[in-house]
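Q: structure, please.
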Amino acid sequence: MDKSQKAKKKIRIIGNVFRVILTIIMVIGIIVMASTALMGITILFIPADILPEDLNAGFTDFIAGVHSSSDDDDEDDDYSPILSDTESATPVITNSEDAEAYFKKMIKELIGSIGNGRVASGIEIGLSTAGVRKELTIKELIVILSIAISLFSLMIVIYSSVLNSMMKTLSKGERPFTIKAAKKLRRLSILMLLLILFEPLTSLVLFSVTLIFSYLFEYGAYLQEKADETSRIQEEMIMSFAEVTENKSEQTGKHVRRVAEYSKIIAEEMGLDEERVSKIRLASTMHDIGKLMIPSEILEKPARLTDDEFAEIKKHPGYGGKLLNNVEGDVMELAKTIALDHHERVDGRGYPEGKSGNYISTEGRIVAVADVYDALTSKRSYKEPWDHQKAYEEILKGSGTQFDADVVEAFKKRYDDINSLRQKYADEA
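A: Predicted coordinates for the structure are as follows:
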């Protein structure tokens with residue numbers, strides 16, 4: 001597993017963790033929103049002449065019971081205006097008027113903790129100016145409180161939902177920077193302005209931060225588009241270069257294409273991730289680049305090679321490794337590995353280094369099967385093509401000795417697809 005794959009694995013883990021956290025926040029937000037909305041609706045339909053009396057009676061008993069046991073050192077209480085004994089630091093509530101005043105003050109402070117009490121105060125000032133009444137009733141305060149909490153919870157749910165969808169993208173290993181994500185953030189920034197009724201400063205900060213992130217995501221999408229274009233150009237250059245290598249020995253570039261497609265199919269069947277499969281497909285086109293260093297008369301010789309000529313041919317993996325040694329990039333690094341390993345055997349009898357088993361890269365083991373199968377079924381200057389069924393059996397026969405058993409098993413399971421591609425990209429007669 002290379003560095004980029006390890007980094008993406010960590011990002012996926014982080015994305016999943018944040019998704020769990022955001023989902024919990026969303027569930028809590030929905031529960032709070034639903035319960036407070038239900039409370040507000042319920043209280044809204046309770047007759048006004050019933051609610052205050054019942055509330056005050058119960059609240060008076062509650063407050064009296066709590067404060068009768070309070071210590072005299074409770075000196076930080078802010079409710080001195082409604083105390084029976086203004087000199088005392090501990091509230092002493094003896095009637096429903098005091099209880100109602102105390103209850104109103106608590107509700108207003110609770111509303112204030114959500115939005116500095118602007119909503120309740122604004123309504124109260126409006127009513128007073130209109131001459132309707134001087135202050136809000138307990139019922140009205142509770143309804144305002146439930147609306148405030150519900151709306152605040154709704155904003156949290158919406159915000160968490162958008163972030164959750166982005167974390168889902170990360171956890172799947174997909175690209176986070178897209179125009180779609182930028183548009184989502186922009187819509188979310190507008191929704192944040194609704195919080196201005198409760199907390200203007202927080203609302204403006206969230207609006208600004210979310211809007212800035214939307215532009216960052218849009219710019220990220222632009223950079224990703226440019227990176228994709230660069231990758232496409234790089235892929236075309238690699239394919240062209242690989243075809244030049246094949247054409248040197250009077251072979252068509254379709255060998256390159258077939259080996260790349262066979263390798264892709266085998267890698268998919270082995271369960272490798274999508275990005276790794278894509279890299280194998282592209283890097284495998286460079287597996288024979290070392291043949292550029294082999295004399296054409298040896299590559300094109302129609303007769304059997306001498307021992308010295310075959311020894312020269314066996315050097316092409318090493319030549320390929322040297323040619324790609326100083327080229328940067330994940331794909332080119334993988335191409336170097338494949339060039340060095342695609343003629344190794346799992347039993348240790350391959351070349352150039354005689355590696356065995358897991359000392360041979362997975363990619364090298366995959367391309368080894370793809371390359372040999374295509375070599376057997378293709379015409380060369382020194383041989384006619386094998387029948388595809390005979391070549392298939394030859395690959396299976398080499399399982400565990402020449403070829404990796406897992407790779408051969410994947411080749412076997414997807415052989416119908418491989419054979420279809422062989423026909424699709426067949427060399428011209």
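
Q: distance check, Thr169 against Ile14.
A: Distance of Thr169 to Ile14, given as CB to CB, to the nearest Å: 13 Å. Placement of C-beta: from N, CA and C, glycine included.

Q: tell me which of the two has more neighbours.
A: Thr169 (16 against 13; other CB atoms under 10 Å).

Q: quick check: the more buried one touching Lys184?
A: No. Using CB atoms under 8 Å, Thr169 makes no contact with Lys184, being 10.7 Å away.

Q: flag the shaky bits of the stretch 101-250 of the chain, pLDDT-wise.
A: 101-141, 170-171, 173-174, 195, 197-199, 246-250 (pLDDT under 70).

Q: helices along the stretch 101-250 of the chain, start to end?
A: 118-130, 138-171, 179-191, 200-248 (DSSP state H, counting those that start in this stretch).

Q: which secondary structure elements does the second one sit against?
A: Right, the one you point to is helix 138-171. helix 3-44, helix 51-67, helix 96-115, helix 118-130, helix 179-191 (3 or more CB pairs under 8 Å, 6 or more residues apart in numbering; DSSP states H and E).

Q: touching stretch 405-416 from outside, list them.
A: 262, 265-270, 346, 365-366, 368-369, 373, 392, 395-396, 398-400, 418 (CB atoms under 8 Å, 6 or more residues apart in numbering).

Q: among the helices of the stretch 101-250 of the chain, which is nearest Met33?
A: helix 138-171 (3.7 Å; CB to CB).

Q: any idea how this protein splits into domains?
A: Using automatic domain parsing, the domain ranges for the chain come out as 3-172, 175-241, 249-424.

Q: just these: most buried one?
A: Across the domains of the chain, averaging neighbours per residue (mean count of other CB atoms under 10 Å) puts domain 249-424 on top, at a mean of 18.

Q: so what's Ala311 up against?
A: Applying CB under 8 Å, 6+ apart, no residues contact Ala311.

Q: which stretch of helix or strand covers it?
A: helix 307-313 (DSSP states H and E).

Q: convert that helix to CSV, retaining C-alpha atoms only.
A: What follows is helix 307-313, C-alpha atoms only, in CSV (Å, rounded to 0.1, in the frame of the first residue of the first chain):
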residue,chain,number,x,y,z
ASP,A,307,22.0,-18.0,-25.8
ASP,A,308,23.8,-14.6,-25.9
GLU,A,309,20.8,-13.0,-27.7
PHE,A,310,18.4,-14.4,-25.2
ALA,A,311,20.6,-13.2,-22.3
GLU,A,312,20.4,-9.7,-23.9
ILE,A,313,16.6,-10.0,-24.1
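
Q: average pLDDT for it?
A: For helix 307-313, the mean pLDDT works out to 91.

Q: touching the very next helix or strand once past it from outside, list them.
A: Downstream of helix 307-313, the next assigned helix or strand under DSSP H and E is helix 316-323. Applying CB under 8 Å, 6+ apart, the contact partners of helix 316-323 are 286-294, 336, 339-343, 351-352.

Q: let's go with 7 Å and repeat that
A: Under the contact criterion CB atoms under 7 Å, 6 or more residues apart in numbering, helix 316-323 has outside partners 288-291, 293-294, 336, 339-340, 342-343, 351-352.

Q: okay, the angle between the helix or strand following that helix and helix 3-44?
A: Per DSSP H and E, helix 316-323 leads on to helix 330-341 as the next helix or strand towards the C-terminus. In terms of direction (axes from the mean of the first three to the mean of the last three CA atoms, to 10 degrees), helix 330-341 departs from helix 3-44 by 140 degrees.

Q: quick one, helices of the stretch 251-400 of the chain?
A: 254-269, 274-283, 296-299, 307-313, 316-323, 330-341, 362-377, 388-397.

Q: so which of those helices comes closest to Ile21?
A: So among the helices of the stretch 251-400 of the chain, helix 274-283 is nearest, using CB to CB, at 26.6 Å.

Q: packing partners of that closest one?
A: helix 254-269, helix 330-341 (3 or more CB pairs under 7 Å, 6 or more residues apart in numbering; DSSP states H and E).

Q: so how far is it from its chain's centroid?
A: The chain centroid and the centroid of helix 274-283 are separated by 19 Å, computed with CA atoms, centre = their mean, to the nearest Å.

Q: and if you look at stretch 156-166?
A: 14 Å.

Q: could you do stretch 213-223 as well?
A: 16 Å.

Q: same deal with stretch 366-374?
A: Relative to its parent chain, stretch 366-374 has a centroid offset of 34 Å by CA atoms, centre = their mean.

Q: need the contact partners of it.
A: 255, 258-259, 262-263, 266-267, 280, 284, 287, 338, 342, 391, 395, 403, 407-408, 411.

Q: pretty sure Ala181 is touching Glu218, no?
A: No. The criterion here is CB atoms under 7 Å, and Ala181 misses it with Glu218 at 8.7 Å.

Q: wait, isn't Ala242 in contact with Lys254?
A: No. The pair Ala242 / Lys254 is not scored as a contact, 11.1 Å apart, by CB under 7 Å.

Q: any idea how far the closest residue to Glu394 other than its chain neighbours is from Arg414?
A: Excluding the flanking residues, the one nearest Glu394 by CB to CB, 6 or more residues apart in numbering is Leu376, at 6.2 Å. Counting by CB to CB, the gap from Leu376 to Arg414 is 17 Å.

Q: equivalent analysis for Ile294, please.
A: Distance of Ile294 to Arg414, computed by CB to CB: 32 Å.

Q: likewise for Arg258?
A: Relative to Arg414, and taking CB to CB, Arg258 is found at 14 Å.

Q: same question, Asp228
A: Asp228 is 28 Å from Arg414, by CB to CB.

Q: same question for Leu340.
A: Note on Leu340: its distance to Arg414, by CB to CB, is 26 Å.

Q: return the closest of the contacts of helix 316-323 with respect to Val27.
A: Closest to Val27, out of all of these and judged by CB to CB, is Lys336, at 50.1 Å.

Q: where does the closest residue to that closest one other than its chain neighbours land on pLDDT?
A: Distances taken as CB to CB, 6+ apart place Leu324 nearest to Lys336, at 3.9 Å, with adjacent residues excluded. Leu324 is assigned a pLDDT of 88 by the prediction.

Q: I figured Leu324 hits Ala335, correct?
A: Yes. The pair Leu324 / Ala335 is scored as a contact, 5.5 Å apart, by CB under 7 Å.

Q: list residues touching both of those two?
A: Counting by CB under 7 Å, 6+ apart, the residues touching both Leu324 and Ala335 are Met286.

Q: thinking again about what came up before, to Leu163, which of the helices of the stretch 251-400 of the chain lies closest?
A: Closest approach to Leu163 among those (CB to CB): helix 274-283, 24.5 Å.
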